[in-house]
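[1] have a look at this prediction, sequence included:
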Amino acid sequence: MTTAEHPVCPHCDQELQAFELPDSIGFESEFHLACFNDECPYYVRGWKHMESNYAVKASYRYRVDPTNGKASPLAVWSEDAIKDRIIEASVGESDQQDNGGCP
Ligand SMILES: [Zn+2]
């Protein structure tokens with residue numbers, strides 16, 4: 001077991017993406033990390049859970065606060081919610097895109 005340099009979602013193994021927080025919330029960090037995979041089981045399950053328990057069309061994504069590593073659900077109301085806040089923030093080492101093979 002190694003601690004991942006680039007955090008991944010424990011539910012779907014996708015890399016977490018940084019997104020800007022709405023400034024009204026008052027977290028310490030400027031951005032959090034979340035799993036924006038639309039097929040993430042955590043997120044897919046969220047839709048069903050919210051609908052059957054609360055009769056609302058909403059779900060939540062796996063989210064981590066990079067300052068303390070704590071995970072918490074990020075409520076979303078549509079597939080595109082929060083996606084316009086995704087930013088390019090380097091967390092640990094940025095992995096290099098290998099574009100070596102020319103066509
Ligand atoms: Zn995920």
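    The structure has been received and is ready for your questions. Bear in mind that the values here come from a model prediction, so they are computed numbers and not experimental data. Numbers count the residues shown, from 1 in each chain.

[2] OK, contacts around the residue nearest in space to the middle of the chain?
    The geometric centre of the chain, computed from its C-alpha atoms, lies nearest to residue 34 (CA atoms, centre = their mean), at 1.3 Å. For residue 34, the contacting residues are 16-17, 19, 61-64, 74, 82, taking CB atoms under 8 Å, 6 or more residues apart in numbering as the criterion. Yep, even glycine has a C-beta here, placed from its N, CA and C like the rest.

[3] 6 Å - rerun?
    19, 61, 63, 74 (CB atoms under 6 Å, 6 or more residues apart in numbering).

[4] with residue 37 instead?
    If you count contacts by CB under 6 Å, 6+ apart, residue 37 has them with 12, 14.

[5] if we go to 7 Å?
    The neighbours of residue 37, taking CB atoms under 7 Å, 6 or more residues apart in numbering as the test, are 9, 12, 14.

[6] which residues touch the nearest residue to the second one once chain neighbours are set aside?
    Put plainly, it is residue 12. Leaving out its chain neighbours, the residue that sits closest to residue 12 by CB to CB, 6 or more residues apart in numbering is residue 40, at 4.2 Å. Applying CB under 7 Å, 6+ apart, one finds that residue 40 lies in contact with 9, 11-12, 14, 62.

[7] let me know the helix or strand that the residue lying closest to the residue nearest to the centre of the chain once chain neighbours are set aside is in.
    With sequence-adjacent residues excluded and distances taken as CB to CB, 6+ apart, residue 34 is closest to residue 63, at 4.2 Å. In this structure, residue 63 is located in strand 59-65 according to DSSP states H and E.
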